[in-house]
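> sequence below, structure please.
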Amino acid sequence: MASYNPVTPEIIAELEKVAPGHVVTGADVNPDYSRDEMPIYGTRMPDVSIDVQSTEEVAGIMKLCYEHNIPVTTRGAGTGLVGGCTPVCGGVVICTMRMNKILSYDLENFAVTVQPGVLLQQLAEDALKHGCMYPPDPGEKMATLGGNVSTNAGGMRAVKYGCTRDYVRAMTVVLPNGEIARFGATVSKTSSGYSLKDLMIGSEGTLGIITELTLKLVPAPQATISLMAPFEDLAACISTVPKFFMKHFRPQALEFFEREILISSEEYLGKQVFPRKIEGADVGAYLLVTFDGDSMDDLNDVVERACEMLVEEGAMDVLVADTAPKLKDIWAARSSFLEGIEEQTKLLDECDVVVPVNKIAPYVEYVNEIKKNYDFEVKYFGHAGDGNLHIYECSVDMEKAEFEKQVEDFLSAIYKKTMEFGGQISGEHGIGYGKVHFLEQALGPVNMELMRGIKQVFDPKQILNPGKVCMKL
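Next up, the predicted model:
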């Protein structure tokens, strides 16, 4: 384990010279900076927080902290779910939220350059004004783009458009020793040495601090339509998913969820959108499918064939949302699953495994079987189109120590099954602080040593976001 030095008054004075007016200490530090959205992985207040405003400020702070061996944790909006931005060793927290400018568009090359504190929703809305779409669509729209890149966020449109990694062209990075580096380029192809850019994507703030991003855009689709297909049971619902690909449909999004988690979301929103009965029969599960294209005429044929297929596969009905208000209501309910769960539970943990699409059904059957052995409630939903499942462990009355003990056992079991099915323990949320030991169990010693070697090259003093991804404290 690395040994760190305390933040002394003299160092605080030096930090003030680098970032005048931005250095906050002691009781004035925002308590939100002690954790992310999943406090089950612990909280710790930093000694100092700095809301940086430029690459030069970040570089100056890192040079100082590197020289004095002080741990540094970077955060954006703090919407992560694995303790990734929790300053587990104290020290300095650098927040990039004030670096929130969309710097420039290069529409001829379909690219945009932004600072890391720009919110996903901010770019999504602004790009549309230029006739473009930024395809990555994680559920948390108020996350920062820097955070999205640091975790290689996925989201609902990944089934058609891919994850965040596929849209990062270039970046400016401050290394742990304060040096400023430029990785990648605006060009769409490269075969020029190791891809340092791709090492940074998904590294969760452990290798460097992203201070500028050049991102790929695509022409905005002119038409979007969603289909909502209720099923009597989850097994029939999930077994339909591979048929979308076998029949060459190209959905923009393909989601599944059970009745219970939908009710939580709709109660949170105060509005019922999805039917709970069809001709007197209870709905047990739902598929939510979106298609996009250049015009509604282009979509009519694929929508008609998709509806026929869904009915043939056992859908109780197929409801079409083809107007802006309908689309907004449907996707608002889907996007509020986590908020609905958080409002109704006291203790919460989660995982976001990913398995091959044809393994979703047997995997969910396994989860349903073993969850009977535990005292907490299990709720889940998933990006059915790419096999990424979000599984939440919830309790309102268990003692924390017992909850954590049982969740540890449950996660160990379902992660083992994930690997047996050829999957990965995280599809988009990352490893952070809470899942390091599970990653080691899943990948084995060779892969972990390779990752630790990469960390050592970038950060030989282990000062940047210590205790995360592949490094144990």
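
> make it CA atoms for all contacts and neighbour counts henceforth
Fine.

> what helices or strands is the helix or strand harbouring Asn447 leaning on?
Following DSSP states H and E, one finds Asn447 within helix 445-458. Here helix 445-458 touches no other helix or strand, going by 3 or more C-alpha pairs under 8 Å, 6 or more residues apart in numbering; DSSP states H and E.

> going forward, begin numbering at 14 instead of 1
All right, first residue 14 from here; so that's helix 458-471.

> if you count neighbours, what's buried in it?
Neighbour counts over helix 458-471 (16 or more other C-alpha atoms under 10 Å) mark Met461, Lys468, Phe471 as buried.

> also stretch 252-263?
Neighbour counts over stretch 252-263 (16+ other C-alpha under 10 Å) mark Ser252, Thr253, Val254, Pro255, Phe257, Arg263 as buried.

> what does the helix holding Asn460 rub up against?
Identification of contacts with helix 458-471 by C-alpha atoms under 8 Å, 6 or more residues apart in numbering yields Leu188, Pro189, Thr219, Leu220, Gly221, Glu453, Gln475, Cys483, Met484.

> out of the residues you listed, what pair is the most spread apart?
Between any two of these, the greatest separation by C-alpha to C-alpha is 25.4 Å, found for Leu188 and Glu453.

> between these two, who's got more neighbours?
Under the criterion of other C-alpha atoms under 10 Å, the comparison of Leu188 against Glu453 puts Leu188 first, with 22 against 17.

> where does Met135 sit, in terms of helix or strand?
Quick fix: residue 135 is Gln, not Met. Per DSSP H and E: helix 133-142 holds Gln135.

> who does that helix touch, helix- and strand-wise?
Under the contact definition 3+ C-alpha pairs under 8 Å, 6+ apart, helix 133-142 sits against no other helix or strand.

> for that helix, what is the average pLDDT?
In this model, helix 133-142 has an average pLDDT of 97.

> buried stuff in it?
Applying a neighbour-count criterion of 16+ other C-alpha under 10 Å, one finds Leu133, Gln134, Gln135, Leu136, Ala137, Ala140 buried in helix 133-142.

> surely Met58 is within a strand?
No - using DSSP: H, G, I helix; E, B strand; the rest coil, the assignment for Met58 is coil, not a strand.

> for it, what are phi and psi?
With angles defined as degrees, to the nearest 10, Met58 shows backbone torsions of phi -80, psi 140.

> give me the number of residues near it?
Neighbour count of Met58, defined by other C-alpha under 10 Å: 23.

> OK, contacts around Val449?
By C-alpha under 8 Å, 6+ apart, the contact set of Val449 is Lys481, Val482, Cys483, Met484, Lys485.

> what subset of those residues is buried?
Taking 16+ other C-alpha under 10 Å as the criterion, what is buried in the contacts of Val449 is Lys481, Val482, Cys483, Met484.

> format the residues you listed as a markdown table; extra columns: distance to Arg318.
Listed next are these as a markdown table, based on distance: C-alpha to C-alpha, whole Å:
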| residue | distance to Arg318 |
| --- | --- |
| Lys481 | 47 |
| Val482 | 44 |
| Cys483 | 46 |
| Met484 | 50 |
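
> let me see the contact set for Thr224.
Thr224 sits next to Ser67, Thr68, Thr109, Met112, Gln128, Pro129, Gly159, Met184, Thr185, Val186, Val187 when contact means C-alpha under 8 Å, 6+ apart.

> you'd agree the first one is up against Met112?
It stands for Ser67. Yes - using C-alpha atoms under 8 Å, Ser67 makes contact with Met112 at a distance of 6.8 Å.

> give me the contacts around stretch 477-486.
Contacts of stretch 477-486 (C-alpha under 8 Å, 6+ apart): 14-15, 84-87, 97-98, 100-102, 189, 216-221, 443-446, 448-449, 452-453, 461, 464-465.

> one step back: when Ser67 and Met112 are compared, which one has more neighbours?
More neighbours surround Met112 than the other of Ser67 and Met112, with 21 against 15 (other C-alpha under 10 Å).

> helix, strand or coil for the more buried one?
Using three-state DSSP, the structure places Met112 in coil.

> can you give me the pLDDT of it?
The per-residue pLDDT reported for Met112 equals 98.

> what score does Glu292 have for pLDDT?
pLDDT, Glu292: 89.

> and the gap between it and Pro458?
Distance of Glu292 to Pro458, given as C-alpha to C-alpha, to the nearest Å: 55 Å.

> now do Ser425
Distance, Ser425 to Pro458, by C-alpha to C-alpha: 17 Å.

> how about Cys250?
Distance from Cys250 to Pro458, by C-alpha to C-alpha: 38 Å.

> where does the prediction get shaky in this protein?
Within the chain, the ranges that satisfy pLDDT under 70 run 14.

> pop the domain breakdown of it in here.
Following automatic domain parsing, one gets these domains for the chain: 115-232, 237-351, 358-441.

> ranking the ones you listed by burial, who's on top?
Sort those by mean neighbour count, taking mean count of other C-alpha atoms under 10 Å, and domain 115-232 sits at the top with a mean of 20.

> spit out the contact partners of the closest residue in space to Gln128 that isn't next to it in sequence.
Spatial nearest neighbour of Gln128, excluding adjacent residues (C-alpha to C-alpha, 6 or more residues apart in numbering): Glu225 at 4.6 Å. Residues near Glu225 by C-alpha under 8 Å, 6+ apart: Thr126, Val127, Gln128, Pro129, Met184, Thr185, Val186.

> take the residues you listed and keep only those in strands.
Using DSSP state E, the subset of the contacts of Glu225 located in strands is Thr126, Val127, Met184, Thr185, Val186.

> among the residues you listed, which one sits closest to Val61?
Lowest distance from Val61 to the ones in strands among the contacts of Glu225 (C-alpha to C-alpha) belongs to Val186, with 21.7 Å.

> now render the contacts of Thr224 as TSV, adding distance to Gly55.
TSV is the format used below for the contacts of Thr224 (distance: C-alpha to C-alpha, whole Å):
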residue	distance to Gly55
Ser67	30
Thr68	30
Thr109	22
Met112	27
Gln128	29
Pro129	25
Gly159	23
Met184	31
Thr185	31
Val186	28
Val187	27
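
> closest to Ser208 out of the residues you listed?
Using C-alpha to C-alpha, Met184 comes nearest to Ser208 of the contacts of Thr224, at 11.9 Å.

> just say helix, strand or coil for the closest residue in space to that closest one that isn't next to it in sequence.
Leaving aside its sequence neighbours, Met184 sits nearest to Leu226 (C-alpha to C-alpha, 6+ apart; 4.4 Å). Three-state call for Leu226 (three-state DSSP): strand.

> and the longest helix along the chain, what does it pack onto?
Ranked by residue count and defined by DSSP state H, the top helix of the chain is helix 413-433. On a contact count with 3+ C-alpha pairs under 8 Å, 6+ apart, helix 413-433 meets strand 360-364, helix 373-383, helix 449-456.
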